[in-house]
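Student: okay, here's the prediction I keep looking at, along with the sequence it came from:
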Amino acid sequence: MIGLFCSVNTKSDKEYGAILRKKMVLFGIIFLMGIISLLIPTISESILKINNLVGAYYYYGFGSGLIFASVILIFKTVNILKNPLKLKSERIRQGDERNKNISLKSARIALGILALAMVLIIMTRGITNPEIRMLMGKLLLLLLLSYTISYRVLDRKE
């Protein structure tokens with residue numbers, strides 16, 4: 001399975017290794033975001049004097065998840081970079097057109113479901129809760145605008 005943001009076109013193992021090293025920087029940023037998420041409840045309680053136990057548990061779980069995922073991805077990437085056979089097989093797997101098409105179709109289905117869920121939330125909860133209506137409306141607009149802009153930019157490049 002290829003991840004949503006993982007498809008690459010490379011001709012050599014050296015080129016793919018460079019891409020993996022760049023991804024490790026991204027994994028480090030995700031790790032730092034996890035640390036920040038763990039610190040948010042402490043900062044809000046000590047500096048802002050906001051005590052929200054349920055919100056704190058949410059941030060602890062979210063931060064722990066980000067840290068755990070980034071550490072796993074860093075170890076996996078280091079393992080791939082150390083072994084030339086794994087590096088080559090992973091490069092071939094990532095460049096496989098069939099896997100790319102499956103990933104693209106899956107992303108389209110997931111985005112369609114997300115857009116449908118936003119519309120349903122606007123229709124059902126938006127009547128009684130204007131904050132939810134505005135938030136979902138803005139997120140739906142962001143989704144549609146980002147698609148339109150990225151399509152036009154990529155269309156000009158091709």
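Tutor: Thanks, I have it.

Student: secondary structure element holding the residue of the chain most remote from its centre?
Tutor: Residue farthest from the centre of the chain, counting by C-alpha atoms, centre = their mean, is Lys49 at 31.5 Å. Lys49 is part of no helix or strand when elements are defined by DSSP states H and E.

Student: next one: it from Ile43, what distance?
Tutor: Lys49 sits 11 Å away from Ile43, taking C-beta to C-beta, to the nearest Å as the criterion. C-betas here are computed from N, CA, C, even on glycine.

Student: next secondary structure after the biggest helix by length in the chain?
Tutor: Ranked by residue count, the top helix of the chain under DSSP state H comes out as helix 13-46. Later in the chain than helix 13-46, the nearest helix or strand by DSSP H and E is helix 53-82.

Student: so which elements touch that following helix?
Tutor: Judged by 3 or more C-beta pairs under 8 Å, 6 or more residues apart in numbering; DSSP states H and E, the packing partners of helix 53-82 are helix 13-46, helix 84-95.

Student: mind listing what's buried along that helix?
Tutor: Under the neighbour-count criterion of 16 or more other C-beta atoms under 10 Å, helix 53-82 has Ala56, Tyr59, Gly63, Leu66, Ile67, Ser70, Leu73, Ile74, Thr77, Ile80, Leu81 buried.

Student: quick check: pLDDT value at Leu141.
Tutor: If you check Leu141, the pLDDT there is 91.

Student: just the element for it, please.
Tutor: helix 130-157.

Student: buried residues in the least confident helix or strand in the chain by mean pLDDT, which are they?
Tutor: None of the helices or strands of the chain scores lower by mean pLDDT, DSSP states H and E than helix 84-95, at a mean of 84. Neighbour-count burial for helix 84-95 flags Leu87, Glu90, Arg91, Gln94, Gly95 (criterion: 16+ other C-beta under 10 Å).
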